[in-house]
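Colleague: Any chance you can model this:
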Amino acid sequence: MKISAVLITFNEEENIEPALQSLEGIASEIIVVDSHSSDKTAKIARKYTDLVFERTWTNFGDQKNFGNSHASHPWILSLDADERLSPELREELCALKEKEPECAGFSLPRKVRYLGRWIRHSGWYPDRRVRLFHKDGAHWESAHVHEKLVVAGAIKNLQRPILHFTYRNISDHVARINLFSDLGAKKLYAKRKKCRWYHLVTLPGARFLKSYILKLGFLDGFAGLVISVLNGYAIFIRYAKLREIWKKGERIEPIPD
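Modeller: Numbering: from 1, shown residues only. Alright, predicted model coming up:
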């Protein structure tokens, strides 16, 4: 089993090197699709691979599919620049490489580092994603907010995690919520959804309770409280922006199925 690792990047000089280092000995080749970074991202990437492509940004799915199209091996490992393989996952992948799997892909858990601790609850773990897959019969689809991997065939689970260093601090977290809530509101509007009073009053509280109580966020300490509150806030601001769009009378093309 030979693996091609694919990463897409833009101004990731603070993150990219640990991600690439974690792939050494696992990936037979590394492909980096960079969206004309203004920092040293591409220069750092070229220390680890000659397959660095400069491509103008379109969307997450297009960038990843472009990278996949340049893979010379049948199995693709998709990794974000702010992620890295844990030592335990590296061992699991080394054992997996000794044979040819009888499936179309593998789901991997992700463990997030946030506010100085590893998050093990709050709805953030295990956060499984299909990140290792056979390139035949698999492709990325894009939407307003997040890309989606479509795989034709059976998916098996790996047990060891990808390590995710997602938000630098609370300010970064809130800024990201602001960005994605814009996209989320536009997606709802394109589907002709409307903001009702209960979306603003009940959904944020329900999301907080789900994260903090049902998903055991209280066991994550202060970080779990922040995550749960901001999860509720993300719902509130998304629907508030949806209401704002309707009041402005904006016209957004529907998203194709």
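Colleague: Mind pulling up the pLDDT for the residue nearest to Gly116 when sequence neighbours are not counted?
Modeller: Closest residue to Gly116 in three dimensions, ignoring its sequence neighbours and counting by CB to CB, 6 or more residues apart in numbering: Ala223, at 7.5 Å. Heads up, the C-betas are built off the backbone N, CA and C, glycines and all. On pLDDT, Ala223 comes in at 98.
Colleague: three-state assignment of Ala223?
Modeller: helix (DSSP: H, G, I helix; E, B strand; the rest coil).
Colleague: Buried residues, stretch 88-108. List them.
Modeller: Neighbour-count burial for stretch 88-108 flags Leu89, Arg90, Glu92, Leu93, Leu96, Lys97, Ala104, Gly105, Phe106, Ser107, Leu108 (criterion: 16 or more other CB atoms under 10 Å).
Colleague: Using PDB, write out every CA atom in that stretch.
Modeller: Output in PDB follows, covering the C-alpha atoms of stretch 88-108 (Å, rounded to 0.1, in the frame of the first residue of the first chain):
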ATOM      1  CA  GLU A  88       0.300   6.400  17.600                       C
ATOM      2  CA  LEU A  89      -1.400   7.000  14.300                       C
ATOM      3  CA  ARG A  90       1.900   6.800  12.500                       C
ATOM      4  CA  GLU A  91       2.400   3.300  14.000                       C
ATOM      5  CA  GLU A  92      -1.100   2.300  13.000                       C
ATOM      6  CA  LEU A  93      -0.500   3.500   9.400                       C
ATOM      7  CA  CYS A  94       2.900   1.700   9.200                       C
ATOM      8  CA  ALA A  95       1.200  -1.600  10.100                       C
ATOM      9  CA  LEU A  96      -1.600  -0.800   7.600                       C
ATOM     10  CA  LYS A  97       0.900  -0.200   4.800                       C
ATOM     11  CA  GLU A  98       2.000  -3.800   4.900                       C
ATOM     12  CA  LYS A  99      -1.100  -5.000   3.100                       C
ATOM     13  CA  GLU A 100      -3.600  -3.900   0.500                       C
ATOM     14  CA  PRO A 101      -6.800  -2.900   2.400                       C
ATOM     15  CA  GLU A 102     -10.200  -4.400   1.200                       C
ATOM     16  CA  CYS A 103     -12.200  -1.100   1.500                       C
ATOM     17  CA  ALA A 104     -12.500   2.200  -0.200                       C
ATOM     18  CA  GLY A 105     -11.400   4.400   2.700                       C
ATOM     19  CA  PHE A 106     -10.700   4.900   6.400                       C
ATOM     20  CA  SER A 107     -12.300   7.100   9.000                       C
ATOM     21  CA  LEU A 108      -9.800   8.700  11.500                       C
END
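Colleague: coming back round to it: thinking the residue nearest to Gly116 is in contact with Tyr114, fair?
Modeller: Yes. Contact criterion CB atoms under 8 Å: Ala223 and Tyr114 qualify, at 5.3 Å.
Colleague: give me the number of residues near Lys194?
Modeller: 12 (other CB atoms under 10 Å).
Colleague: Same question for His164.
Modeller: With other CB under 10 Å as criterion, His164 counts 22.
Colleague: And the one 4 residues further on, by the same measure?
Modeller: Applying other CB under 10 Å, we find 12 residues neighbouring Arg168.
Colleague: OK, contacts around it?
Modeller: With contacts defined as CB atoms under 8 Å, 6 or more residues apart in numbering, Arg168 has no neighbours.
Colleague: List phi and psi for it.
Modeller: phi -70, psi -40 (degrees, to the nearest 10).
Colleague: cool, Gly61 as well?
Modeller: Per degrees, to the nearest 10, the backbone of Gly61 is at phi -60, psi -50.
Colleague: Would you check that it makes contact with Glu147?
Modeller: Yes. Between Gly61 and Glu147 there is a contact at 4.3 Å, judged by CB under 8 Å.
Colleague: any idea which helix or strand comes after the host helix or strand of Ala19?
Modeller: Secondary structure assigned from DSSP states H and E places Ala19 in helix 16-23. Following helix 16-23 in sequence order, the next helix or strand is strand 29-34 (DSSP H and E).
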